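Trainee: Everything below, folded, please.
(4 chains)
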Number of protein chains: 2
Amino acid sequence: MSENRALKTVNLSVIKTACSNCNLRELCLPLGLNSQEMAKLEEIVSTRKRVKRGDLLYRAGQPFEALYAIRSGFFKTDVIMEDGRDQVTGFQMSGELLGLDGISSENHSCNAIALEDSEVCLIPFDYLERLSRQVPTLQNHFHKVMSREIVRDHGVMMLLGTMRAEERLAAFLLNLSQRFVARGYSPAEFYLRMTREEIGSYLGLKLETVSRSFSKFQEEGLIAVQQKHIRILDIPGLKRLMNHTPV
Amino acid sequence: MSENRALKTVNLSVIKTACSNCNLRELCLPLGLNSQEMAKLEEIVSTRKRVKRGDLLYRAGQPFEALYAIRSGFFKTDVIMEDGRDQVTGFQMSGELLGLDGISSENHSCNAIALEDSEVCLIPFDYLERLSRQVPTLQNHFHKVMSREIVRDHGVMMLLGTMRAEERLAAFLLNLSQRFVARGYSPAEFYLRMTREEIGSYLGLKLETVSRSFSKFQEEGLIAVQQKHIRILDIPGLKRLMNHTPV
DNA sequence: ATTGCGGTTTGATCCAGGTCAACGTGAATC
DNA sequence: GATTCACGTTGACCTGGATCAAACCGCAAT
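Mentor: Predicted coordinates:
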């Protein structure tokens, strides 16, 4: 919680040019803004925050004040029922926005937990609304980001409602792969930041089922797994597996 | 598709006062607006559209141009995979907004189908964005509506990911009940507009399981079912059933 | 009144994935 | 370099809900 605030002014000046220099700008909120608009956005995105692996960025029930753009690192979000059951609702990586769920009730409705040491840019929401009234491009892009989250959620519903275990896992791997590509990483080789249990929670499966499915994929030559290290050997194969009607 | 356009001016004048007179205004987009702001909103919500039972309001892939506020009636939205499997992603009733999924890609990403003869108010999206730049209350409320949809989706994920068949159905009934209450109807007695198969699709269950669970609830005195007519006899009982840890 | 038909209920059986349990593995700590 | 601990793998068995099948219900068309 205690952050190093020495050299504050230097720090701020560095940050003021952040968005325009940020190599995530094409994935993140600034998408589509001209340099003048970007400068305005930079004024409101003035603070960064480090979150250590395992720490919560925010917790369900806390008052909502800001959105967070992931500058680096990896997060999960989850919701917890009164009886203790929990569900991972998503995994978020650099360039993605956290906190959209908090707008509706002005309280966060889920927990956001860093799965590795991470850094986020803080976007005070009232400033964002004010600015997006002045900058139609930003307004429209923000609406698209929210809508995209809704579409993603529908995809997860489809996955949870109609797909079998192996289809779910294939879909999950392909989705990760795609998102890594968008960030300039290999589509075929990556480290999973989450445990089998977290994957299982997200996919509506038990960790043993996740583990068994990984092993099965490996036997079939679709992937090579060693703990958290994944190499996808046959992307088309996984795609085929994913939408093969279940009997 | 061909609509009666006779008496257009009369029609418009009638509609111009629509929002402020509409008894759904506290559930719908106008929430929180003063009369002046409401008047501006009414200018852009100038058209209504009837949708017959079974007809599509919009179809996945169609260009997105407007949101739809349900004036009366009942809808379902669903997504369809290439292999034909489909998933009902929601049931919408009066005062709720349809079409948010289309903003992100400027194409609708799901189908919206009327489950009874319905009427919707058409809200051209570019107008809405323009107006919400001028009316902060509207802007904020629209953001809350989108966020609420995200939170709802997380609830469905929780349901699909962690709950057992009977818990899902109990949650479903309680949710409908609540929403009927908000509209001034009985919390305990209503007609289901959707089939067992559609309920099943939404809840990630087969229609037989839905039917059996209804019968079980009836045996236990929790509800009285006769086809589509439901009477809830024991709301606390359903609530208890819903979050009783599964073993 | 009869037929047809979409939707619903109920029974019998099956199986994907859950549950329980034992063992492996590798990174961190002393 | 031994110990610990969280995480992962694998096997054996069990069960909730899927599947298959038959009958039933209500209403719309004739």
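
Trainee: give me the number of residues near residue A:84?
Mentor: When counting by other C-beta atoms under 10 Å in any protein chain shown, one arrives at 8 neighbours for residue A:84. For the C-beta atoms, the positions are set from N, CA and C on the backbone; glycine is no exception.

Trainee: is the closest residue to residue A:99 other than its chain neighbours in a bridge, and if so with what?
Mentor: The shortest distance from residue A:99 to any residue other than its chain neighbours is 4.3 Å, reached at residue A:67 (C-beta to C-beta, 6 or more residues apart in numbering or on different chains). Beta bridges link residue A:67 to residue A:123, judged by DSSP bridges.

Trainee: Tell me if I'm right that residue A:67 and residue A:101 touch.
Mentor: No. Under the contact definition of C-beta atoms under 8 Å, residue A:67 does not touch residue A:101, with a separation of 10.3 Å.

Trainee: Mark out where each domain of chain A begins and ends.
Mentor: A:3-159, A:163-242 (automatic domain parsing).

Trainee: Longest helix in chain A, by number of residues?
Mentor: For chain A, the helix that runs over the most residues, judged by DSSP state H, is helix A:136-162.

Trainee: Please determine whether that helix lies in contact with chain B.
Mentor: Yes. Under the criterion of C-beta under 8 Å from any C-beta of the partner chain, helix A:136-162 makes contact with chain B via A:136, A:139-140, A:143-151, A:153-158, A:160-162.

Trainee: how about the spatially closest residue to residue A:24 that is not a sequence neighbour, secondary structure?
Mentor: Distances taken as C-beta to C-beta, 6+ apart place residue A:95 nearest to residue A:24, at 4.1 Å, with adjacent residues excluded. Secondary structure state of residue A:95, per DSSP: H, G, I helix; E, B strand; the rest coil, is coil.

Trainee: count of residues packed around residue A:95?
Mentor: As a measure of burial, residue A:95 has 21 neighbours, counting by other C-beta under 10 Å.

Trainee: Make CSV out of the domains of chain A and add mean pLDDT.
Mentor: CSV is the format used below for the domains of chain A (pLDDT from 0 to 100):
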stretch, mean pLDDT
domain A:3-159, 90
domain A:163-242, 96
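
Trainee: Which helix or which strand is home to the residue most central in space within chain A?
Mentor: Computing the C-alpha centroid of chain A and ranking residues by C-alpha atoms, centre = their mean puts residue A:92 first, at 1.2 Å. Here residue A:92 sits within strand A:86-93, counting by DSSP states H and E.

Trainee: The helix or strand just after that strand and chain B in contact?
Mentor: Taking DSSP H and E as the definition, the helix or strand that follows strand A:86-93 towards the C-terminus is strand A:97-98. No. Using C-beta under 8 Å from any C-beta as the criterion, no contacts between strand A:97-98 and chain B are found, and the smallest distance is 11.2 Å.

Trainee: neighbouring strands for strand A:97-98, and are they parallel or not?
Mentor: Using DSSP bridges, the strands paired with strand A:97-98 are strand A:66-72 (antiparallel).
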